[in-house]
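>>> A structural model of the following input is requested.
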Amino acid sequence: MARTIVEEGLYHEAHPKEQSDMPLLVREDTGKLLRVADVPGLSTGGDAGKVFVMADQAGTLRVAPGSLGNHEGKHDESASIALDFDPQLNVDRTLSLANGDVRVRTVWSNVTEELANYTPERVNEITRVGRETYQQVAREFANVEKGKIIHGKGVNDWYHNDLGNRAIQLLVTLTGHIGRQGTGFDHYVGQEKIWTYNGWQQLSFPTGDVRAVPTTLWTYYHGDILGNIEPETSRRIEESIDNDWMPVYPAEREDGSRPDPSVFFCWRGNYFNQSKGGIAVENVLWPKLDLVVDINFRMDSTALYSDIVLPAASHYEKHDLNMTDMHSYVHPLTPAIEPLGESKTDWEVFRLLAKKVQEIARERNLSPLPDREFDRRIDLTSIHDDYVRDWASSEAGALRGDKAASEFILANSEETNPEGRDERITFDDTVEQPQRFEASGDH
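Next up, the predicted model:
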């Protein structure tokens, strides 16, 4: 992509010149940046470590504004000075330095030379991405007014992950999609724990019965991995299942058999990469499934192995809550733009699925289905109405939108709506600035 952006002149020239190391001069003999101490006849009092750019086509050297290098290690005040010259990006010259004639080039010249090696044919051979596909994505990203790249932590689980991150950073640097509202390079990581768990639990399981099981246990069981792990661990897992300490679904039948899972519904997580099931997920678990559906805003490995991918809105296209057990603040997500294309918010995707199920159930006049696990009956003819009902107040249709769902979580959690106190945190309270939990105390 970077090669396409450079070769077709789609890069934002001012940004690499002013906000990156692209104009800095590099010595070809050592591969290091050209510094003041390398050039004879220049004062090195406190400036020996400062680096150079070429200020014009005539070859005038100039210390790069903002470069560090004084002996005390203090910050250079010139970093705040706006450029009053035009740093050259394409430089290939020979200079007379303290130890003889040395060829110098800019970081830009070295980068673009390396990019030239990645022809469409080579990229296709390495990645299997179509020759025209990645170039079209490059053009669209370069030409859009405001662009943002969101990547998950899966990149950082691999050796040389730093190079992957640098490659992404190069794209936003070349195009100037950084440092402005609505642009940037964001790191997406799932939330393991949330403080407002009670509100989330009531929203997700309004009847009070929680049907949940650790993903690793479920994967090990249905992926037939138990026989390939440490024997004592396998024994303990089997014991927990036999004693119903750790339930596994589908449930065991009366005759002692247990059916294989048939439908796998993945919501905003890269199960295929993170399940720790290895090759067993692909070779053992996946063939058991009749249908795999993924709700995602990324075409990750789970999406690639799914039958249906439902496009989800990303962080800046919806109302949502963002929090972690590492601090006691509520951070909101608010839509800067409407969901792109056919994508929808998570809440809307599930609501529309429930609506369609309810329509079909009513057409077929289905009777409520027994839930043998929790001694209750599931009425598919009202599943959408139940989905958007505020069960705490019995208000019909109150939770039709993602913002209302977020408000429900805050209203039904002790951290944000402490019992016996008038103070509470609403979603609107968090928009101007993150709010600290009312129940967190003064620490």
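
>>> what backbone torsions are found at Thr416?
The phi/psi pair for Thr416 (degrees, to the nearest 10) reads phi -110, psi -10.

>>> wait, Leu369
Dihedral angles (degrees, to the nearest 10) for Leu369: phi -90, psi 140.

>>> OK, contacts around it?
Residues counted as contacts of Leu369 (Cβ atoms under 8 Å, 6 or more residues apart in numbering) are Arg377, Ile378, Asp379, Leu380. C-beta coordinates here come from the backbone N, C-alpha and C atoms, glycine included.

>>> and the closest residue in space to Ala48 that isn't next to it in sequence, how close does it get to Leu10?
Nearest residue to Ala48, sequence neighbours excluded (Cβ to Cβ, 6 or more residues apart in numbering): Ala37, at 3.9 Å. Separation of Ala37 from Leu10 (Cβ to Cβ, to the nearest Å): 38 Å.

>>> low pLDDT regions in the stretch 301-443 of the chain?
Counting by pLDDT under 70, the ranges of the stretch 301-443 of the chain that qualify are 372-375, 438-443.

>>> can you rerun that using 50?
For the stretch 301-443 of the chain, residues meeting the criterion pLDDT under 50 lie at 442-443.

>>> ranges for the helices of it?
Here the stretch 301-443 of the chain has its helices, by DSSP state H, counting those that start in this stretch, at 301-304, 346-363, 383-387, 402-411, 427-432.

>>> returning to what we had before: that's a helix at the residue nearest to Ala48, yeah?
Yes. The assignment for Ala37 by DSSP: H, G, I helix; E, B strand; the rest coil puts it in a helix.

>>> so what pLDDT did it get?
You'll see Ala37 listed with a pLDDT of 88.

>>> just confirm it contacts Phe52, I think it does.
No. The pair Ala37 / Phe52 is not scored as a contact, 11.0 Å apart, by Cβ atoms under 8 Å.

>>> between the two, which one's more packed in?
A count of neighbours by other Cβ atoms under 10 Å puts Phe52 above the other of Ala37 and Phe52, at 24 against 15.

>>> what are the pairing partners of the helix or strand where that one lies, and which direction each?
Element membership of Phe52 [criterion: DSSP states H and E] is strand 52-54. Paired with strand 52-54 in the same sheet, following DSSP bridges, are strand 61-63 (antiparallel).

>>> quick one: mean pLDDT for the strand it pairs with?
90.

>>> how about residues contacting that strand?
Defining contact as Cβ under 8 Å, 6+ apart, one finds that strand 61-63 is touched by Leu25, Val36, Val39, Asp47, Lys50, Val51, Phe52, Val53, Met54, Ala55, Phe85, Leu95.

>>> just how off-centre is it within its chain?
40 Å (Cα atoms, centre = their mean, to the nearest Å).

>>> and stretch 160-172, by the same measure?
Distance, centroid of stretch 160-172 to centroid of chain: 14 Å (Cα atoms, centre = their mean).

>>> use 25 as the first number for this chain going forward.
Sure, I'll start numbering at 25, so the last one becomes stretch 184-196.

>>> who's in contact with the residue nearest to Glu37 when sequence neighbours are not counted?
Using Cβ to Cβ, 6+ apart and skipping residues adjacent in sequence, the residue nearest Glu37 is Leu113, 7.4 Å away. Leu113 is in contact with Glu37, Pro40, Lys41, Met46, Pro47, Thr130, Trp132, Ser133, counting by Cβ under 8 Å, 6+ apart.

>>> torsion angles phi and psi at the first one?
Note on Glu37: backbone dihedrals following degrees, to the nearest 10 are phi -60, psi -40.

>>> against Gly444, how distant is it?
Noted for Glu37: a distance of 61 Å to Gly444, by Cβ to Cβ.

>>> quick one, which of those two is more surrounded?
Glu37 (13 against 4).

>>> hmm, who's touching the strand holding Phe76?
47-49, 57-60, 63, 84-88, 111-112, 115, 117, 130.

>>> contacting residues around the closest residue to Tyr273 other than its chain neighbours?
In this structure, Tyr273 finds its nearest non-sequential neighbour in Val237, 6.5 Å apart by Cβ to Cβ, 6+ apart. For Val237, the contact set (Cβ under 8 Å, 6+ apart) comprises Met270, Pro271, Val272, Tyr273.

>>> the most centrally placed residue in the chain bridge partners, please.
By Cα atoms, centre = their mean, the chain has its centre lying nearest to Tyr212, at 2.4 Å. Judged by DSSP bridges, the bridge partners of Tyr212 are Gly176.

>>> measure it to Arg322 for me?
Counting by Cβ to Cβ - Tyr212 and Arg322 are separated by 8 Å.

>>> quick check: neighbours shared by the two?
What both Tyr212 and Arg322 touch, as defined by Cβ under 8 Å, 6+ apart, is the set Ile174, Gly176.

>>> Ile174 and Asp210 touch, don't they?
Yes. The pair Ile174 / Asp210 is scored as a contact, 4.6 Å apart, by Cβ under 8 Å.

>>> domain ranges for this protein?
Following automatic domain parsing, the chain resolves into domains at 26-136, 139-212, 221-464.

>>> so which of the contacts of Leu393 is surrounded by the most neighbours?
Leu404 (19 neighbours).

>>> that residue contacts Ala385, correct?
Yes. Assessed by Cβ under 8 Å, Leu404 is found in contact with Ala385 at 3.7 Å.

>>> could you pull out the strands for the stretch 25-174 of the chain?
49-51, 76-78, 85-87, 116-121, 124-130, 172-176 (DSSP state E, counting those that start in this stretch).

>>> could I get those as JSON lines with distance to Ile265?
Putting the strands of the stretch 25-174 of the chain into JSON lines (distance: least, Cβ to Cβ, whole Å) gives the following:
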{"stretch": "strand 49-51", "distance to Ile265": "61"}
{"stretch": "strand 76-78", "distance to Ile265": "66"}
{"stretch": "strand 85-87", "distance to Ile265": "69"}
{"stretch": "strand 116-121", "distance to Ile265": "68"}
{"stretch": "strand 124-130", "distance to Ile265": "63"}
{"stretch": "strand 172-176", "distance to Ile265": "31"}
